[in-house]
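Asker: structural data only, the sequence is not supplied:
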């Protein structure tokens with residue numbers, strides 16, 4: 001026999017089932033868009049939530065406590081009419097406008113087809129698994145809604161910003177900016193995949209960090225959208241004379257829909273501006289080992305305030321100054337990674353010293369800090385030789401980074417501080433680096449021998465015979481104490497003469 005059968009309905013009334021889904025009679029010959037529009041969205045979203053959360057893939061590992069906090073947050077959001085309104089509006093719009101995936105050239109959208117259940121009625125396996133025709137139709141609706149819900153929740157939780165909805169001082173701004181961002185969300189591939197058989201695919205929650213491997217948690221509502229909007233004007237603004245750039249950027253921004261929403265970049269208040277600077281730093285500056293993003297933010301705010309002559313008061317000022325000073329800011333931040341302990345001193349210099357000499361002042365501070373590390377040998381005195389070697393390797397690696405950052409320093413002939421740097425500070429650090437790399441490291445010399453070499457170096461200029469005598473005395477002591485030191489000291493003296501005593 002070729003007869004097939006299936007149960008159309010259940011004896012259990014649909015209103016008693018979870019999810020707020022309609023009966024068979026209400027679903028047959030009714031366009032999908034009408035069915036979805038009439039759904040009890042909080043109930044349906046609650047029914048889909050477990051599946052949705054399992055499909056959202058975050059760019060970083062999370063602890064059980066963080067996952068639990070996210071579930072609690074999502075459940076609270078489902079009870080928020082404003083949030084549900086944003087999500088429901090986007091899902092309905094997708095179903096209303098996306099063309100049918102099998103017949104994209106045919107007039108009418110996926111949601112306008114009144115016979116959307118035709119394929120389901122012929123799917124014997126799905127009918128058997130669901131138990132009733134009503135259940136398999138419910139499953140199809142839940143599948144479509146959950147896929148779209150996954151897409152929009154992953155979009156709204158970008159950079160962890162969904163949690164800001166629960167902060168009273170940021171809630172109104174979050175709702176305005178999120179609605180605007182959702183309206184701009186592409187209805188292309190993501191929406192199309194949600195109404196096809198690939199709807200179960202996972203959805204990556206995007207991070208906008210400059211270094212994606214180091215995601216951040218946003219503090220300003222939908223900061224990535226605001227930043228992208230303002231950065232979109234960069235090419236036009238940078239082509240203008242510097243004194244006209246801020247005024248021109250303000251004029252451009254006033255034509256953007258963000259301005260129409262009431263997003264006034266100059267009227268945010270100090271706290272919100274600081275939150276935006278936090279997110280801006282993560283989105284525009286690379287992650288740097290040894291220098292936390294909070295420290296990068298401090299450098300950014302202090303440098304921009306110094307160049308401007310007063311504290312920042314606007315997001316647009318922040319962008320304008322970054323476009324102008326991006327190279328200088330990145331250079332200063334990389335200097336701080338060599339010796340992060342000098343950050344307070346660097347911030348003081350940014351506030352007080354001549355801005356034209358700032359770069360040189362900071363370079364000298366970092367060189368001096370490197371030398372002080374070796375003048376306080378407690379960190380290496382009690383270490384075994386292998387531990388000392390690691391300390392020396394770390395120090396010389398940081399010195400090489402500093403050397404690279406110093407190569408492009410502009411020449412300042414006649415400037416006393418610059419002459420002191422060229423004749424004293426830079427060659428002194430280079431001499432110590434050669435000693436650690438070629439002698440102290442390979443031979444495992446202890447901290448006392450390193451300190452003795454430092455004490456032998458002449459005060460003031462290193463470009464004289466006294467520096468060479470210090471190198472020779474070190475070699476004599478080391479050869480007397482270590483049988484295998486001749487080759488190491490010979491190599492050191494050759495490079496010491498060429499790179500320290502006769503650098504030019």
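Answerer: That came in fine, so what should we check first? If you're wondering where the values come from, they're calculated on a predicted model, not measured in any experiment.
Asker: need the residues that contact the helix or strand that residue 92 is a member of.
Answerer: Residue 92 is part of helix 81-97 when elements are defined by DSSP states H and E. Residues from elsewhere that reach helix 81-97 (CB atoms under 8 Å, 6 or more residues apart in numbering): 32-33, 36-37, 41-42, 45, 77-78, 109-112, 144-145, 148-149, 152-153, 156, 165, 175, 178-179, 182, 185, 187, 191, 194-195. C-beta coordinates here come from the backbone N, C-alpha and C atoms, glycine included.
Asker: same thing with stretch 158-173?
Answerer: By CB under 8 Å, 6+ apart, the residues outside stretch 158-173 that reach it are 73, 76-77, 80, 83, 153, 156, 174-175, 178, 205-209, 215-224, 263, 271-272, 279.
Asker: in strands, which of these appear?
Answerer: Secondary structure from DSSP state E places none of those in strands.
Asker: what subset of these is buried?
Answerer: Buried members of these, scored by 16 or more other CB atoms under 10 Å, are 77, 80, 83, 153, 156, 174-175, 178, 205-209, 215-216, 218-224, 263, 272, 279.
Asker: now do the particular helix or strand that has residue 302 in it: distance to the chain's middle.
Answerer: Using DSSP H and E, residue 302 sits in helix 293-308. Its chain's C-alpha centre and that of helix 293-308 lie 17 Å apart, by CA atoms, centre = their mean, to the nearest Å.
Asker: which positions in that helix come out as buried?
Answerer: For helix 293-308, the neighbour count (16+ other CB under 10 Å) marks 293, 295-306 as buried.
Asker: out of those, who's nearest residue 475?
Answerer: Nearest to residue 475, judged by CB to CB, of these is residue 295 at 40.8 Å.
Asker: from residue 337, how far out is the closest one?
Answerer: Distance, residue 295 to residue 337, using CB to CB, to the nearest Å: 10 Å.
Asker: again, but for residue 223
Answerer: On the measure of CB to CB, residue 223 and residue 337 end up 25 Å apart.
Asker: do residue 153 as well
Answerer: In terms of CB to CB, residue 153 sits 37 Å off from residue 337.
Asker: low-confidence ranges in the protein?
Answerer: 1-20, 101-108, 118-131, 186-200, 376-386, 504 (pLDDT under 70).
Asker: how does it look with 80?
Answerer: Along the chain, segments meeting pLDDT under 80 span 1-29, 99-110, 113-137, 185-201, 375-387, 408-414, 483, 503-504.
Asker: quick one, strands of it?
Answerer: 56-57, 203-204.
Asker: touching the first one from outside, list them.
Answerer: If I follow you right, that is strand 56-57. With contact meaning CB under 8 Å, 6+ apart, strand 56-57 is reached by 150, 153-154, 157, 202-205.
Asker: check stretch 485-498 too.
Answerer: Residues from elsewhere that reach stretch 485-498 (CB under 8 Å, 6+ apart): 431, 434-435, 438-439, 442-443, 468, 471-472, 474-475, 478-479.
Asker: hmm, try it at 7 Å
Answerer: Residues from elsewhere that reach stretch 485-498 (CB atoms under 7 Å, 6 or more residues apart in numbering): 431, 434-435, 438-439, 442-443, 468, 471, 475, 478-479.
Asker: measure stretch 433-450 end to end?
Answerer: Length of stretch 433-450, first residue to last, CA to CA, to the nearest Å: 11 Å.
Asker: please apply the same query to stretch 418-427.
Answerer: End-to-end distance (CA to CA), stretch 418-427: 13 Å.
Asker: what ranges do the helices span in the stretch 351-500 of the chain?
Answerer: For the stretch 351-500 of the chain, the helices defined by DSSP state H, counting those that start in this stretch occupy 358-375, 378-381, 385-406, 416-420, 426-435, 441-443, 447-456, 465-481, 485-496.
Asker: in the longest one, what's buried?
Answerer: Buried residues in helix 385-406, counting neighbours by 16+ other CB under 10 Å, are found at 388-389, 391-392, 395-396, 398-399, 402, 405-406.
Asker: residue 372: which of those is nearest?
Answerer: Closest to residue 372, out of all of those and judged by CB to CB, is residue 395, at 11.7 Å.
Asker: so that closest one sits against residue 434, correct?
Answerer: No: using CB atoms under 7 Å, residue 395 is not in contact with residue 434; the gap is 12.0 Å.
Asker: overlap in contacts, these two.
Answerer: Counting by CB under 7 Å, 6+ apart, nothing touches both residue 395 and residue 434.
Asker: hang on, the earlier thing: switch the buried residues of helix 293-308 over to TSV; also include distance to residue 67.
Answerer: Below are these laid out as TSV (distance: CB to CB, whole Å):
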residue	distance to residue 67
293	24
295	30
296	29
297	28
298	32
299	34
300	33
301	34
302	38
303	39
304	38
305	40
306	43
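Asker: any idea of the angle the helix holding residue 302 forms with helix 358-375?
Answerer: Between helix 293-308 and helix 358-375, the angle comes out at 140 degrees (axes from the mean of the first three to the mean of the last three CA atoms, to 10 degrees).
Asker: which secondary structure elements does helix 293-308 contact?
Answerer: Applying 3 or more CB pairs under 7 Å, 6 or more residues apart in numbering; DSSP states H and E, one finds that helix 293-308 contacts helix 270-284, helix 315-338, helix 343-352.
Asker: so which of these is nearest residue 464?
Answerer: Closest to residue 464 of the helices and strands packed on helix 293-308 is helix 315-338 (CB to CB; 27.4 Å).
Asker: mind giving me the packing neighbours of that closest one?
Answerer: Applying 3+ CB pairs under 7 Å, 6+ apart, we find helix 315-338 packed against helix 223-231, helix 245-254, helix 270-284, helix 293-308, helix 358-375, helix 385-406.
Asker: what's in contact with stretch 262-278?
Answerer: In contact with stretch 262-278 (CB under 7 Å, 6+ apart) are residues 176-177, 219-220, 223, 253, 297, 300-301, 312-316, 318.
Asker: buried ones in it?
Answerer: Neighbour-count burial for stretch 262-278 [16+ other CB under 10 Å]: 263, 265, 268, 272-273, 275-278.
Asker: chain center to that stretch: distance?
Answerer: Relative to its parent chain, stretch 262-278 has a centroid offset of 19 Å by CA atoms, centre = their mean.
Asker: compute the first-to-last residue distance for it.
Answerer: End-to-end distance of stretch 262-278 (CA to CA): 22 Å.
Asker: do stretch 204-222 as well
Answerer: Span of stretch 204-222 from end to end, CA to CA: 17 Å.
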